[in-house]
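Participant: Fold the following.
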Amino acid sequence: MKLLSVNVSLPRDISHGGKTVRTGIFKQPIKDRVMLRGLNIEGDGQADLVGHVGTYKAAYVYSVENYRYWETELGRSDFEFEQFGENFTVEGMLNDIIHVGDIFCIGGALIEVSQPRVSCFKLGIRMGIQGFEHILLSSNRIGFYRRVLKEGEVSADDTFETVDTDPERMSVADVNNLLYFDLGNLKGARKALRIKALSPGRYCGGISRQAGKIIMQSGVYLIADGDLEIRAQAEVLGNGVTIVLLNSSGNSDPAFTINGGAEINLTAPTSGEFSGIVFFQDSNISEGTNTFNGNSSTNFTGALYFPTQTVKLLGNNESLTGCTQIVALIIEFRGNAGLSNQCDYAGTTPVSIPGNVQLVELEQQ
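Facilitator: Purely as a prediction, here's the structure:
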């Protein structure tokens, strides 16, 4: 297993579809040794500071064997290293033989495979093929992200030495298939949850959950270009969880809906970039409605941040029985919707008005 090319770039503005798009996907190979750090490679940068950053995504890895496949599949011969926006172009590290959680030594650094790649529309721009991100996903030739366990210098021609293999031995291809194509595989899902290295996910096109219990591991979950719907008889639990609604395509306004009979109990993280926040709305979202429907039960400890959207609480809904702050353009109550805020245990002083609810109107600047 060999590192063929190290590729970096800083974000820049390009014109696409009559709009200005900021992206860091147009990378360039570098020949010198460079420092691999906890959040990225020295000299590299990301335009999307919500979807494409973090310790779980310190660099993106893609194998040259995939280049050969796409040259044949697309009838092209113009590919150069970094064609797919990768930081590391490698040899011998295909998705079906590399496991999430595997640890490697490369140069002076120690790295761990953290998750399959999740692509956005900017890959289509780079490839000159609209929607290529969906083609890449369906091929299961997606590559993977990795985190840095030990910072150090790397360069082209360094070799990867295997330090440890995750005991669950779930390949990158297996995890990608589980995330997008084999959604009913509960046995596989339980196995994936045992992988300590697996990062919280990003879900393109939204999520709809109908029944059963979901326990969300602590972390940031990105819902891109689609709604989050918790349907009847579903139960969602989690501590240290932030759910971010993203408009990564520039053409969507994601929101969430909690339907009758559903239960959701989430607590925000107490440290990090999203400390104290359960739901966070991307600033690129211009409108939308987040709905707590009748006969649902919710308990949030943390903030619900929807500055350009509406929050609706509808009849017979028992909502927000934790210590909750709502930031929204409009908050609407209908029917027998109930709302309480119990913050004694959180070390804050209860609001001393009927129902323990305080509404504050802020002037827009």
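
Participant: buried ones in the helix or strand harbouring Ile135?
Facilitator: Using DSSP states H and E, Ile135 maps to helix 132-139. Neighbour-count burial for helix 132-139 flags 132-133, 135-137 (criterion: 16 or more other Cβ atoms under 10 Å). Heads up, the C-betas are built off the backbone N, CA and C, glycines and all.

Participant: And those, which is closest to Arg33?
Facilitator: Closest approach between the buried residues of helix 132-139 and Arg33, by Cβ to Cβ: Leu136, at 30.1 Å.

Participant: That closest one reaches Ser119, doesn't it?
Facilitator: Yes - counting by Cβ atoms under 8 Å, Leu136 does reach Ser119; the two are 5.7 Å apart.

Participant: intersection of neighbour lists for these two?
Facilitator: Taking Cβ atoms under 8 Å, 6 or more residues apart in numbering as the contact rule, Leu136 and Ser119 both touch Ile142.

Participant: can you count the residues close to the closest residue to Phe160 other than its chain neighbours?
Facilitator: Nearest in space to Phe160, with sequence neighbours left out and distances taken as Cβ to Cβ, 6 or more residues apart in numbering, is Met1 at 3.9 Å. Counted with other Cβ atoms under 10 Å, residues neighbouring Met1 total 15.

Participant: can you map out the strands along the stretch 251-365 of the chain?
Facilitator: Remark: strands assigned in the stretch 251-365 of the chain by DSSP state E, counting those that start in this stretch are 256-258, 263-267, 277-281, 289-292, 297-313, 318-319, 324-333, 338-339.

Participant: Figure out which of those is closest to Ile214.
Facilitator: Taking Cβ to Cβ, strand 263-267 is the member of the strands of the stretch 251-365 of the chain nearest to Ile214, at 9.3 Å.

Participant: Can you find which helix in the protein contains the most residues?
Facilitator: When the chain is parsed with DSSP state H, its longest helix is helix 64-74.

Participant: how about the CA coordinates for that helix, as CSV?
Facilitator: The C-alpha trace of helix 64-74 is given here as CSV (Å, rounded to 0.1, in the frame of the first residue of the first chain):
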residue,chain,number,x,y,z
VAL,A,64,-5.7,4.7,-8.1
GLU,A,65,-7.4,1.4,-9.0
ASN,A,66,-10.6,3.3,-9.0
TYR,A,67,-9.2,5.7,-11.6
ARG,A,68,-8.8,2.8,-14.0
TYR,A,69,-12.4,1.8,-13.5
TRP,A,70,-13.7,5.3,-14.1
GLU,A,71,-11.6,5.8,-17.2
THR,A,72,-13.2,2.7,-18.7
GLU,A,73,-16.7,3.5,-17.4
LEU,A,74,-16.7,7.1,-18.6
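
Participant: Which parts of the chain belong to which domain?
Facilitator: What automatic domain parsing lists as the domains of the chain is 2-164, 201-356.

Participant: In a markdown table: the ones you listed, plus mean pLDDT and distance to Lys187.
Facilitator: As requested, these are exported to a markdown table (pLDDT from 0 to 100; distance: least, Cβ to Cβ, whole Å):
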| stretch | mean pLDDT | distance to Lys187 |
| --- | --- | --- |
| domain 2-164 | 90 | 17 |
| domain 201-356 | 76 | 14 |
